[in-house]
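*Asks:* give me a model of this one.
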Amino acid sequence: MTTSETVITLTGLRRSYGTGRTAFEAVRGVDLAVARGELFALLGTNGAGKTSLLEVVEGIAPATAGTVEVLGHDPYRQRHQVRPRMGIMLQEAGFPADLTTAETARMWHGTLGRPRPVEQCLAMVGLSHRAGVRVSSLSGGERRRLDIALAVMGRPEILFLDEPTTGLDPQSRRNSWELVRSLLAEGTTVVLTTHYLEEAEELADRLAIMHAGEIVRSGTVADVVASEPARIRYRTVDTALTDPAELAGLPAVSATPRTGASGVEIETGDLQATLTALLVRAEQAGAVLEHLEASPASLERAFLTIAEGRGADAVPAAA
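*Replies:* Numbers count the residues shown, from 1 in each chain. Predicted structure coming up:
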């Protein structure tokens, strides 16, 4: 359960690579706040700046400009005060191949101040039966589960999960979700990056979508979905039902309908009202609407709109 306490605060955060003409700004003035006990999902296409931003928050790299506070400290300059209170699961851990699963866990256990028992952590991710197997013999999904086990071993206050369920089968993914929920129930704050939008919808209290180094939409899943219109698509030979000016008069239409070789696309803020009026109009005209599709607003549609470079400025980012 979240509280009003903020444990991560970014103000005007920027991160650049290189200097002069070769400089590239990967993070461009991000403002963000994460509350204790919530799961915050950071979404974006490859190259959006997610990893660059997280490396600053995790204390792996300094900010080029702006400020970042994690648990009241600068995570880079005061890393020794912050790192023991974090759990970090990277996209790729690089375990020693010759160690067994249990040996790897025990090695990591020895670096922590108040760790959970090794056996408990392996059981939490369903790897107890693989404790004696060399890491080199684990499947890709099993290695991801070992990543999770080590990330939670130190009882972190903030847990960073970077693509945690990549390579997992559906059942293992669901089990991982349950593990994350149990950690949230204990008061752990979780920052998640994922390409599985279903995962973000299922777990996130709030989320942000990055594009070209900026956060262009943020809020609850419902907030972000509400910013995206529903869509109606069809084909017809009836000219009255392909005229953008005529279709713009339908209830709740939110933009000038698009028509072309691929058919008609109508965006609406009230799918039921627009679709009902469209069907009535088609019936009165004796028109046939072929390949009729009615798609409600969704997180996937909002994400794709941003990824395709449309609507990125439609909704200001919120902290």
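*Asks:* spatially central residue for the protein, please.
*Replies:* Centroid check for the chain by CA atoms, centre = their mean gives Leu43 as the closest residue, at 3.4 Å.
*Asks:* these two touch, right, that one and Thr194?
*Replies:* Yes. Counting by CB atoms under 8 Å, Leu43 does reach Thr194; the two are 7.2 Å apart. Every residue, glycine included, has its C-beta placed from N, CA and C.
*Asks:* shared neighbours of these two, anything?
*Replies:* Taking CB atoms under 8 Å, 6 or more residues apart in numbering as the contact rule, Leu43 and Thr194 both touch Ala200.
*Asks:* which helix or strand contains the residue nearest to Ser295 when sequence neighbours are not counted?
*Replies:* Computed as CB to CB, 6 or more residues apart in numbering, the closest residue to Ser295 that is not its neighbour in sequence is Arg231, at 4.7 Å. Using DSSP states H and E, Arg231 maps to strand 230-235.
*Asks:* check Val152 too.
*Replies:* Using DSSP H and E, the element containing Val152 is helix 140-153.
*Asks:* which parts of that helix are buried?
*Replies:* Within helix 140-153, the residues scored as buried using 16 or more other CB atoms under 10 Å are 142-153.
*Asks:* so Leu192, which of the three states?
*Replies:* Here Leu192 is recorded as strand under DSSP: H, G, I helix; E, B strand; the rest coil.
*Asks:* gap between it and Glu202?
*Replies:* According to CB to CB, to the nearest Å, Leu192 stands 11 Å off from Glu202.
*Asks:* how about Ala297?
*Replies:* According to CB to CB, Ala297 and Glu202 sit 18 Å apart.
*Asks:* quick one, which of these two is more surrounded?
*Replies:* Ala297 (20 against 16; other CB atoms under 10 Å).
*Asks:* what about the helices in this protein?
*Replies:* Counting by DSSP state H, the chain has helices at residues 50-57, 79-82, 101-109, 118-124, 140-153, 170-185, 197-203, 221-226, 244-247, 271-285, 299-307.
*Asks:* quick one: closest of the ones you listed to Val237.
*Replies:* Closest to Val237 of the helices of the chain, according to CB to CB: helix 271-285, at 11.0 Å.
*Asks:* helices and strands around the closest one, which ones?
*Replies:* If you count contacts as 3 or more CB pairs under 8 Å, 6 or more residues apart in numbering; DSSP states H and E, helix 271-285 packs onto strand 230-235, strand 263-268.
*Asks:* circling back: surely the residue nearest to Ser295 is in contact with Glu300?
*Replies:* No. The pair Arg231 / Glu300 is not scored as a contact, 11.9 Å apart, by CB under 8 Å.
*Asks:* what are the contacting residues of stretch 245-264?
*Replies:* Contacts to stretch 245-264, defined as CB under 8 Å, 6+ apart, come from residues 229, 232-236, 240-244, 265-270, 273-274, 277-278, 281, 291.
*Asks:* how about stretch 44-59: buried residues?
*Replies:* 44-45, 48-59.
*Asks:* of those, closest to Ser128?
*Replies:* Taking CB to CB as the measure, Ser128 lies nearest Glu58 of those, at 29.2 Å.
*Asks:* isn't the closest one up against Gly87?
*Replies:* No. Using CB under 8 Å as the test, Glu58 is too far from Gly87 to be in contact (10.3 Å).
*Asks:* isn't Leu207 up against Leu42?
*Replies:* Yes. The criterion here is CB under 8 Å, and Leu207 meets it with Leu42 at 7.2 Å.
*Asks:* wait, Ala26 touches Arg15, no?
*Replies:* Yes. Using CB under 8 Å, Ala26 is in contact with Arg15, at 5.4 Å.
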